[in-house]
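**Student:** got a sequence here, can you build the structure:
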Amino acid sequence: MGKGRNKNKEKDSYSGPPRKGRGGEESESEESVASHITFDDDMRSVQGDDVEDIDAPSFLDSLAEHIENASHKNISIRMAALRHLQLALCSHYVPEFVSKWRMTILELVIKNLKKTDEEIAVSALLLALTSLQLGEEMGADIEEALSILRALVTDPSRPEQLRALCALSIAVTAHVASVNDESISASIKALRSAWASFKTTSQCTRLYTSALACWCLLLQDTDVSTVNSAFGEFSKLTAFLEADQLDIRIATGEALAFLYEIGSENRPGFRLPNHQQIVEVS
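**Tutor:** Sure thing, here's the model as predicted:
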């Protein structure tokens, strides 16, 4: 990434490739999307007590077969293959294998991001997982997928659960793999639009909480001008502190604290412009 990147932040929980630089009732569609957000049981069944030998030819051959089946004409076969890939990349670190199939995986992701909500959901996660495997080795080829995801996360006609998942994919992918300053700025703008336009009357709060957290994450990777513009969001954020939903208030408080930390680190004597209002609301 460019010179605006904060390279001093440690990422102890992430052991992937090193950086080189730089959230009521759901519709059936939302239930389908939600199945890709939480899959602890599936993860336990994949990981189990016996760790599979990732160097075994059978394991890598199986992954290659899933990649090939991910473009099958039969949607059931296609979705099963995509889920297998998703679970495998969640439980195994296989950068050499992923690097070999990088372009094929990206082509699959881009193609599926234009299909059904279910296919979009699993493909968005697959993009993030692939990026975690390879980091900046993903190269400029991720930009088309990121552009599609930005359009999806800002599309009010899409299920909020799906948009929340797209926000997560944007943030993870851009944070670990993008080296394009303009792309990072565009992603920050899209995520800001997603949380700022959120209606607190919505039954689903995941879009707001996810988009806001992802927005904060990418602010660590951008230039000073974009960070300075983020300080103008204090009044907008403060309004969400009065929301009825607890998770919205918590997410907002965390975002305000994050912005305050950034301001304090870079501006001696920094004080929130609406400090007293925040204290009174809190």
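**Student:** am I right that residue 113 is in contact with residue 124?
**Tutor:** Yes. Residue 113 is within contact range of residue 124, at 7.0 Å (criterion: Cβ atoms under 8 Å). In this view, the C-beta of every residue, glycine as well, is placed from N, C-alpha and C.
**Student:** neighbour-wise, which of these two wins?
**Tutor:** Higher neighbour count among residue 113 and residue 124: residue 124, with 29 against 23, using other Cβ atoms under 10 Å.
**Student:** contacts for stretch 113-127 next, please.
**Tutor:** With contact meaning Cβ atoms under 8 Å, 6 or more residues apart in numbering, stretch 113-127 is reached by 29, 32-33, 36-37, 75, 78-79, 82-83, 85-86, 89, 105-106, 108-109, 112, 142, 145, 148-149, 152, 158-159, 162, 165-166, 168-169, 173.
**Student:** average pLDDT across it?
**Tutor:** Stretch 113-127 carries an average pLDDT of 96.
**Student:** the longest helix in this structure is where?
**Tutor:** Counting residues, the longest helix found in the chain (DSSP state H) is helix 246-266.
**Student:** who are the packing partners of it?
**Tutor:** Counting contacts by 3 or more Cβ pairs under 8 Å, 6 or more residues apart in numbering; DSSP states H and E, helix 246-266 packs against helix 206-219, helix 224-230, helix 234-240.
**Student:** now with 7 Å?
**Tutor:** With contacts taken as 3 or more Cβ pairs under 7 Å, 6 or more residues apart in numbering; DSSP states H and E, helix 246-266 sits against helix 206-219, helix 234-240.
**Student:** tell me the most buried of these?
**Tutor:** Highest mean neighbour count among the helices and strands packed on helix 246-266 (mean count of other Cβ atoms under 10 Å): helix 206-219, with a mean of 24.
**Student:** quick one, that one and helix 246-266 angle?
**Tutor:** With axes from the mean of the first three to the mean of the last three Cα atoms, to 10 degrees applied, the angle from helix 206-219 to helix 246-266 works out at 10 degrees.
**Student:** neighbouring contacts of helix 206-219?
**Tutor:** By Cβ atoms under 7 Å, 6 or more residues apart in numbering, the list of residues contacting helix 206-219 from outside reads 23, 153, 160-161, 163-164, 167-168, 170-171, 174-175, 184, 187-188, 191-192, 194-195, 198, 227, 230, 247-248, 251, 255, 258.
**Student:** out of these, which sit inside helices?
**Tutor:** 153, 160-161, 163-164, 167-168, 170-171, 174-175, 184, 187-188, 191-192, 194-195, 227, 230, 247-248, 251, 255, 258.
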